[in-house]
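> sequence first, predicted model second:
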Amino acid sequence: MTSPVHPQVYPVEEDTLLLLEAAQAELRSGDRVLEVGTGSGHIAASLLGRVARVVAVDISPHAAAAARAKGLEVVRTDLFAGIRVTFDLVLFNPPYLPTAPGERLDDWLEYALDGGLDGRQTIARFLNSLGGVLSPNGRALLLVSSLTGVNEVCAIARDDGFGASILLESLVEGERLVVLLIVREECDA
């Protein structure tokens, strides 16, 4: 039996399990893995012992505590702030719900849900900074919802010098959830 998660921490849901399934399929034994926005730490903890290193980050003090309780190496930070090493596999289940200012709540769980007006605000920040923590042949797995716009997210990735392809997808209550495989684009100069 698992211990209950703090009410301000995003619990394990269908999107969590889809990203975990994709991560398990993409893992290589020597990988150094970074999970951004770890929430409960479920994904990162599931990878312990299967790769060279697992680091989890989250902006929420409650999520950081939940992940630490699972034996994870945790950094409490906003996305990649303060991260000075590179990783072979970066995982992110971002806040992707389109959220109008009047819909916002003033709590830590909001960080796990609020993707800005179009649902892509945090995703764009993630993709813009990803190159600084991704090893030369590294890859990232990014969970995206049809509510956010999969094509639009792929366009942001291209603008930031990455290629994006669908690795896995699932339909959950009318919402299409997609895990994108993000890799550096080859330059034909």
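In hand now; what should we look at?

> please name the nearest non-neighbouring residue to E21.
If the residues on either side of it in the chain are set aside, E21 comes closest to L168, at 6.3 Å by CB to CB, 6 or more residues apart in numbering. Quick note: C-beta positions are derived from backbone N, CA and C, even for glycine.

> separation between that neighbour and L141?
Distance of L168 to L141, computed by CB to CB, to the nearest Å: 9 Å.

> okay, and the common contacts of these two?
By CB atoms under 8 Å, 6 or more residues apart in numbering, L168 and L141 have these common neighbours: 22, 179.

> which one of these two is surrounded by more residues?
Just comparing L168 and L141: by other CB atoms under 10 Å the higher neighbour count belongs to L141, 25 against 18.

> which SSE is immediately downstream of the helix or strand bottoming out on mean pLDDT in the chain?
Ranked by mean pLDDT, DSSP states H and E, the weakest helix or strand in the chain is helix 109-113, scoring a mean of 55. Next helix or strand after helix 109-113 toward the C-terminus (DSSP states H and E): helix 121-130.

> after that next one comes which helix or strand?
Remark: after helix 121-130, the chain's next helix or strand is strand 134-145, criterion DSSP H and E.

> just the angle for the helix or strand following that following strand relative to strand 134-145, thanks.
Sequence-wise, the next helix or strand downstream of strand 134-145 (DSSP H and E) is helix 150-159. Interaxial angle, helix 150-159 versus strand 134-145 (axes from the mean of the first three to the mean of the last three CA atoms, to 10 degrees): 160 degrees.

> any chance you could list what contacts helix 150-159?
118, 120, 123-124, 127, 142, 144, 163-164, 166, 176, 178, 180, 182, 185.

> same check on stretch 25-32?
Stretch 25-32 is contacted from outside by 33, 47, 50-53, 55, 85-89, 135, 139, 141, 167-168, 181, using CB under 8 Å, 6+ apart.

> chain center to the helix or strand harbouring the residue nearest to E21: distance?
Secondary structure from DSSP H and E places L168 in strand 162-172. Remark: strand 162-172 is offset 13 Å from the chain centroid, using CA atoms, centre = their mean, to the nearest Å.
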